[in-house]
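Enquirer: Return atomic coordinates for the entry below.
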Amino acid sequence: MRFSTLLSTVAAVASLSFAAAQEAARFGSVSVSPCPFTGGQDVTITYNATTAASADHQPEFVDLYIQGTFTNGNPSPRVLLQRNDFGADQVILTIDTTIPEAINNLGASNWNVLAMITFEQDGLNLGGGVASFC
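Expert: Numbers count the residues shown, from 1 in each chain. Reported below is the predicted structural model:
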């Protein structure tokens, strides 16, 4: 019985990792330093579009958000940090910013960075995103 539970847990973690890898392959990757962070803290956020461009998902725009988790496990609303135009030949976007101090009043913790991209494909504006988990 324990082996079966352990096997189920390993399979769930592996499938989660696989899903995250698929998103990174389609939409790039994002990282934040320092990680974890809180409101009022200076951070550096780096978005890398190498894999997105390889998958024909070259971003036109990159919106950087933060999102935390409430004590009941529900996600907080997303907080927009910055909206960015992204050049046709651009691969890396790095921003230095200060996390809004007001997030400390929301009652959430475990904040992560989300990079939501907008790209054109077949005349359509499509979107997707990746997250950086501390």
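Enquirer: Can you name the next helix or strand after the longest strand anywhere in the chain?
Expert: The longest strand of the chain (DSSP state E) is strand 108-121. Next helix or strand after strand 108-121 toward the C-terminus (DSSP states H and E): strand 124-132.
Enquirer: Now that following strand: buried residues?
Expert: Buried residues in strand 124-132, counted by 16 or more other Cβ atoms under 10 Å: 128-132. Backbone N, C-alpha and C define where each C-beta goes, glycine included.
Enquirer: can you redo those residues as TSV with pLDDT and distance to Thr50?
Expert: Formatted as TSV, these follow (pLDDT from 0 to 100; distance: Cβ to Cβ, whole Å):
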residue	pLDDT	distance to Thr50
Gly128	95	15
Gly129	95	16
Val130	96	12
Ala131	97	17
Ser132	95	16
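Enquirer: Helices of this protein, residue ranges please.
Expert: Applying DSSP state H to the chain gives helices spanning 2-27, 50-54.
Enquirer: Distance from the last one to the middle of the chain?
Expert: Helix 50-54 sits 16 Å away from the centroid of its parent chain (Cα atoms, centre = their mean, to the nearest Å).
Enquirer: what's the average pLDDT for it?
Expert: In this model, helix 50-54 carries a mean pLDDT of 92.
Enquirer: again, but for the longest one
Expert: Along helix 2-27, the predicted local confidence has a mean pLDDT of 50.
Enquirer: Run a quick neighbour tally on Val62.
Expert: 26 (other Cβ atoms under 10 Å).
Enquirer: Let me see the contact set for it.
Expert: Val62 is in contact with 47, 49, 83-84, 86, 93, 115-117, counting by Cβ atoms under 8 Å, 6 or more residues apart in numbering.
Enquirer: Over to Phe37?
Expert: In this structure, Phe37 makes contact with 43, 99, 111, 134, judged by Cβ under 8 Å, 6+ apart.
Enquirer: hmm, 6 Å instead?
Expert: By Cβ atoms under 6 Å, 6 or more residues apart in numbering, Phe37 lies in contact with 43, 99.
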